[in-house]
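Colleague: missing the sequence, but the structure's below:
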């Protein structure tokens, strides 16, 4: 249980770390995209302004450059672009490809003929259309550096994110032992208390039982001695279940392969007399030759708990059905029993320790309110899954998947 708790702590902590890293890396990359895209837009507008005579590149910068932004003259000198110029009649009068060696005049003309909007992107080029009273120009700016910048930051941030995630995983694993140490100590003390209390209570119960039998030898059996023996038996049964539950949570499981079909039939047969006394109809659908690799004693206890619980809570002339089937990958055990009044709670609540849907009836049937908790602990220890559901407003169904 401690290891399971540690795994849950690590899993939860790493989810939080992963979300935080994704948020930070996403914010970094979005900020980079916005900054680089803004630089490209400014460069494109600057080139267009220069071509129309609105802006001239100064020989010396007039002010210090803004943080994250290169001086305009540096941006212009490093830019790769070409310009297509039209006259007032929309005829090409000039194609300037001197600033980009990878595009000739014919290719530049083809690019210009495919332009429909004032601004946009064609392949790896961003373009902007400008015009005045004398001419119209289309500036195409190569954005290869922009794409490389996006990829560079993405790869670097991703690599750093993975390294940080790995380092955080190692750190969380190391710190998780210290983090759950108080909880582990508390759980261990609870287990030890249950174990010690169980063994300590056995002795006075044995003495009470022996003295009661001695009283019956001298004075004969009466209603008081019957009640004492009945309650002693109840306490003995309760302590056995508590010790079994504690043992299931702290001991290692010894696995072995056995016939689940034969065990289901064997345990079912042991309850036939109890079933007949209440005139209960008992249906079984047990597929032969089903084998399970698990602890046979624990699985036997599981069948006993579920069938005993069904017999106790099924009314006279009711129905109990048990099925053990094998699908492609799983073994499925289902036990259904009719019930006059279904509990008015979530069926998963039935697995809570000492929970009783009907306290008065539980006392009459001799239940302890812990049997289904033991059943769930057994299934979990065997790496299985157990669920409870209500069917047809009068049936409880317990389903186990291995």
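Modeller: Perfect, thanks for sending it. Computed from a predicted structure; not experimentally measured. Residues are numbered from 1 along each chain as shown.

Colleague: pLDDT-wise, which helix or strand of the protein ranks last?
Modeller: helix 359-365 (a mean of 48; mean pLDDT, DSSP states H and E).

Colleague: quick one: average pLDDT of stretch 139-153?
Modeller: In this model, stretch 139-153 carries a mean pLDDT of 87.

Colleague: which other residues reach that stretch?
Modeller: For stretch 139-153, contacts defined as Cβ atoms under 8 Å, 6 or more residues apart in numbering pick out 28-29, 32-33, 36-37, 40, 43-44, 47-48, 51, 79-84, 100, 102-103, 108, 111, 121-122, 124-128, 130. To be clear about C-beta, it is placed using only N, CA and C from the backbone, and glycine gets the same treatment.

Colleague: residue boundaries of the helices in the stretch 101-250 of the chain?
Modeller: Ranges of helices within the stretch 101-250 of the chain are 105-113, 144-179, 181-219, 223-250, based on DSSP state H, counting those that start in this stretch.

Colleague: mind checking which of those is nearest residue 387?
Modeller: helix 223-250 (18.6 Å; Cβ to Cβ).

Colleague: counting contacts, what elements does the closest one pack onto?
Modeller: If you count contacts as 3 or more Cβ pairs under 8 Å, 6 or more residues apart in numbering; DSSP states H and E, helix 223-250 packs onto helix 181-219, helix 371-381.

Colleague: Output those as JSON lines; include the columns mean neighbour count.
Modeller: JSON lines is the format used below for these (neighbours: other Cβ atoms under 10 Å):
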{"stretch": "helix 181-219", "mean neighbour count": "13"}
{"stretch": "helix 371-381", "mean neighbour count": "22"}
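
Colleague: and the ones you listed, which one's lowest on average pLDDT?
Modeller: Minimum mean pLDDT among those: helix 181-219, a mean of 76.

Colleague: That one relative to helix 144-179, how many degrees between them?
Modeller: Using axes from the mean of the first three to the mean of the last three Cα atoms, to 10 degrees, the direction of helix 181-219 lies 40 degrees away from that of helix 144-179.

Colleague: Turn the helices of the stretch 101-250 of the chain into CSV, columns for distance to residue 349.
Modeller: Below are those laid out as CSV (distance: least, Cβ to Cβ, whole Å):
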stretch, distance to residue 349
helix 105-113, 70
helix 144-179, 30
helix 181-219, 21
helix 223-250, 17
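
Colleague: so which of those gets nearest residue 22?
Modeller: With Cβ to Cβ as the criterion, residue 22 lies closest to helix 144-179 of the helices of the stretch 101-250 of the chain, at 7.9 Å.

Colleague: Would you mark the buried spots in the closest one?
Modeller: 145, 146, 149, 150, 153, 157, 161, 168, 172, 176, 179 (16 or more other Cβ atoms under 10 Å).

Colleague: ok, now stretch 260-270?
Modeller: Using 16+ other Cβ under 10 Å as the test for burial, stretch 260-270 gives 260, 261, 263, 264, 265, 267, 268.

Colleague: re the thing from before, generate a ChimeraX selection restricted to the buried entries among the contacts of stretch 139-153.
Modeller: The following ChimeraX line selects those of the contacts of stretch 139-153 that are buried, judged by 16+ other Cβ under 10 Å:
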select :28,32,36,40,43,44,47,48,51,79,80,81,82,83,84,100,103,108,111,125,126,127,128,130
